[in-house]
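Undergrad: Structure for this input, please:
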Amino acid sequence: MNEPALDPTMEDAGRQPQNGLVRNRLQSFGLTMVVMGASFFLYYLGCFGTVDGPLTPAKMGAALAGLGVTRRHVILLLLSILIGAISWNWVFNLTSILIGNRMTCKAKGKGARGICGAPVKRIRQVSTRSGRPVVKYTCSHGHRRPDALFHPVKKGAVSHTVCLACLVFVLIAAFGA
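TA: You can find the predicted model right below:
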């Protein structure tokens, strides 16, 4: 009676964090140190243009120009990455729907929300009455229904950051000097 309710629409509902405050702080500090070390490494290679090194923007531009890469090539590459960053989850969700993944049972259950929420398996059959193919979704609890809940993948902060960074770089490459 006092069982925790499972809501299939909420991914992390009711789950207690496994890490304590100290562990989270140490992980954040370690990640910060890795990023800072990588930044120092790139700084001393000249990637930011203030120190003379093999990765100074002028040397990278000369090397790319020597390979025949033009501004148009750079814009096309960045636009391709931008389009991929925008549309990857649409393609993934469409593929998931077509093959029947990421779906859960909609049958009335015993939980607080009143739905089963177990993963389902898609079964295609030919109807005995009409002779047409029908789709049924069956869960591990034995429920058989003609419909199921789909749980799409949503974009996160990394995907939005990649989109904005590519957009900014495309604008710089297109309208920069």
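Undergrad: Where does the spatially most central residue of the chain sit, in terms of helix or strand?
TA: Of all residues in the chain, the one closest to the mean position by CA atoms, centre = their mean is Lys155, 5.1 Å from it. For Lys155, there is no helix or strand it lies in under DSSP states H and E.
Undergrad: Tell me who's in contact with it.
TA: Residues near Lys155 by CB atoms under 8 Å, 6 or more residues apart in numbering: Asn89. For the C-beta atoms, the positions are set from N, CA and C on the backbone; glycine is no exception.
Undergrad: repeat for Tyr137
TA: Contacts of Tyr137 were listed using CB under 8 Å, 6+ apart, and they are 100, 103, 105, 120-123, 144-148.
Undergrad: out of those residues, who's nearest Gly68?
TA: If you rank the contacts of Tyr137 by distance to Gly68 using CB to CB, Gly100 comes first, at 46.6 Å.
Undergrad: Looks like that closest one contacts Arg124 (just checking).
TA: No: applying CB atoms under 8 Å, one finds Gly100 not in contact with Arg124, separated by 9.4 Å.
Undergrad: ok, those two, which is more surrounded?
TA: Gly100 (16 against 9; other CB atoms under 10 Å).
Undergrad: Buried residues of stretch 117-135, list them for me.
TA: Neighbour-count burial for stretch 117-135, counted by 16 or more other CB atoms under 10 Å, picks out 117-118, 120.
Undergrad: How about stretch 167-177?
TA: Residues of stretch 167-177 classed as buried: 169-170, 173 (neighbour count, 16+ other CB under 10 Å).
Undergrad: Out of the residues you listed, list just those in strands.
TA: Here DSSP state E is the test, and the buried residues of stretch 167-177 give no hits in strands at all.
Undergrad: Any chance of a markdown table for the buried residues of stretch 117-135, columns distance to Gly131?
TA: Formatted as a markdown table, the buried residues of stretch 117-135 follow (distance: CB to CB, whole Å):
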| residue | distance to Gly131 |
| --- | --- |
| Gly117 | 33 |
| Ala118 | 31 |
| Val120 | 25 |
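Undergrad: Take those and keep only those in strands.
TA: Val120.
Undergrad: got the residue ranges for the helices in the protein?
TA: Using DSSP state H, the helices of the chain run over 21-44, 57-66, 71-99, 157-175.
Undergrad: what's next to the last one, contact-wise?
TA: To tie it back to what came earlier, the one meant is helix 157-175. 71, 74-75, 78-79, 81-82, 85-86, 88-89.
Undergrad: and what of the second one?
TA: Residues from elsewhere that reach helix 57-66, judged by CB under 8 Å, 6+ apart: 46, 49.
Undergrad: Would you mind getting the angle between it and helix 71-99?
TA: 80 degrees (axes from the mean of the first three to the mean of the last three CA atoms, to 10 degrees).
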